[in-house]
Each structure stands twice: as C-alpha cells, then as structure tokens.
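In: fold the following.
(one chain, ligands or ions: 1)
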Amino acid sequence: MYNIREWRHVFKLDPNKEINDEQLESICESGTDAVLVGGTDGVTLENTLDLLARIRKFLVPCVLEISNLESITPGFDFFFVPTVLNSTNPKWMIDLHREAVKNYGEFINWDEMMVEGYCMLNPDSKAFQATESKLIHDEDVLAYATIAEKMFHLPIFYLEYSGIYGDPALVGQVYQKLEKTVLFYGGGIENADQAKQMAERADVIVVGNLIYEDTNTALQTVAAVKDCKKLKKSKAFN
Ligand code: 1GP
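Out: So this is what the prediction gives:
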C-alpha cells in the first residue's frame, strides 16, 4: 500500500486527451509519485480502460479519480472520490456517492478508496462550472479546510485552480491550518519555479495541462519538487 503522506508530486492524465506512447512513457518513468487518471468531460469507460492499460506497462502508482459513475472500473491502485465542498448542488457533494455505493458498494475495497474534499477556485474552469460551484472568499476556503479535517476527517483537501495559477499566500495559509489532512494543490503550473513555489506550501502538487502543452517542461516539475522543502508549520495559525 502506498502512503500518500509521502507524495509530493503527481501528474493528472485526462482520458479524453491524446498522449503518444513516448510522452506517456516519459511521464510514467519521470519519478513522479503517482499518475491520476481523471477529467471533466468526455471521460468514458472505454478511454479510461485504454489509458489504464497503457499506464500499467510501468510501475508508477496509478489512481482513478472518479469523474462519473460510467467510467468506474477495477484495476487501479487507488480510487480518489471527489466531494465538492463549494458546490451549490448536492449531486457533487453526496448524491453521486450515494448512487455509487448503492450500485457498487459490495465491490468497493474501502482500503483503496480516499475522499478528496475539493474547493473549486477558478470560476472560468470547466470543472468549476460542471460542478455548479460558487465563488468563495479566502476565509471560506480556510473554513472548508478546517471542516474537511476536523469535522469530516477527510484524508485529502484539494485546492483546485484548474487552468490558472493560484494564490500562493492562500495556499500557504491553508497549509498552515491542516495538521493531518493532506493538502493537494492543482492549477496552472507551467514551469519548475511555479511547481517549487506551490510545493513549498502544499503536500502534493498536481500537474495536468502542461503534460499536453509542453511535456519536457512538465517533466522538469518533478525534480523541482523533489528538491524542495515545505515551509515550516506554525501552531499560531490553528
Ligand atoms: C486539474 O488540478 C489539476 O484537475 C491540474 O490543473 O491542468 O491547470 O495543471 P492544471
């Protein structure tokens, strides 16, 4: 079993996007801690299984981040289940989860499943719009982080800026709030410096789009993160 507390860097691959074998090999063999498979639209059982089979040629841990009920399949090392904390529609917080447990509950290995408390922070992103999320203030983000950890005991809190680079100061504040819950940061990382800046403030950084836009630069984010230390946590923030 892998320990996500030791992870620092993951690549997120979208089953609905093209990636050639050479690119995929370089991503899987990059030294990243895991490959997450997930996307917002066009994710089907077929393209998920296709990508899974291609990733499985390599040893890298492979996680299905569940996008919809149709594309759930066994064969991954882990299953990450998003719950969108700032959605206005309970569908994205709890209703899809109820349907999944009703339909597939007996097949779920709970040791392989982790819930991610998502905060959607880029209103222009497909993910924000598809999940009917609402705009929130920084204080709300900090409150959601505390709710995720202290009330719901979620293993993962995910700051999702998908498509834009986030606010390092806010990410740092959230990081200071959390004691046990692992902080994932994702959004707009376009180079090694940005990867390092967020990796100083989050436990795990997620690199997505850059894989498809500039694979070589995406690969450089792995080394940038491995060499970087997280900022010290101060009790004063809690
Ligand atoms: C998307 O958080 C990830 O779910 C990564 O974001 O695609 O902007 O890198 P980018």
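
In: C-alpha only now, for contacts and for neighbours.
Out: Noted.

In: what residues does the protein put near the ligand?
Out: Residues of the chain lying close to the ligand by C-alpha under 6 Å from any ligand atom are 160, 162-164, 186-189, 206-210.

In: ok, now which ones touch Tyr2?
Out: For Tyr2, the contacting residues are Pro61, taking C-alpha atoms under 8 Å, 6 or more residues apart in numbering as the criterion.

In: run through the protein and note the low-pLDDT ranges.
Out: Under the criterion of pLDDT under 70, the regions of the chain flagged as low confidence span 1, 235-238.

In: again, only this time at 90
Out: In the prediction, the chain carries residues with pLDDT under 90 at positions 1-2, 67, 103-105, 107, 226-228, 231-238.

In: helices of that one, start to end?
Out: Shown for the chain, the helices assigned by DSSP state H span residues 21-28, 45-55, 95-104, 126-130, 138-146, 168-177, 192-199, 209-213, 215-226.

In: need the winner for burial among the ones you listed.
Out: helix 192-199 (a mean of 22; mean count of other C-alpha atoms under 10 Å).

In: helices or strands next to it in the packing?
Out: With contacts defined as 3 or more C-alpha pairs under 8 Å, 6 or more residues apart in numbering; DSSP states H and E, the packing partners of helix 192-199 are helix 168-177, strand 204-207, helix 215-226.

In: ok, and what's touching the shortest one?
Out: If I follow you right, that is strand 204-207. Outside strand 204-207, the residues touching it (C-alpha under 8 Å, 6+ apart) are 7-12, 182-189, 195, 198-199, 218.

In: in strands, which of those fall?
Out: Judged by DSSP state E, the subset of the contacts of strand 204-207 located in strands is 9-12, 182-186.

In: any chance of those residues in a markdown table, with neighbour count and distance to Pro90 too?
Out: Supplementary listing: the ones in strands among the contacts of strand 204-207 in a markdown table, determined by neighbours: other C-alpha atoms under 10 Å; distance: C-alpha to C-alpha, whole Å:
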| residue | neighbour count | distance to Pro90 |
| --- | --- | --- |
| His9 | 27 | 30 |
| Val10 | 25 | 28 |
| Phe11 | 27 | 28 |
| Lys12 | 23 | 25 |
| Val182 | 22 | 24 |
| Leu183 | 25 | 23 |
| Phe184 | 27 | 22 |
| Tyr185 | 28 | 23 |
| Gly186 | 25 | 23 |
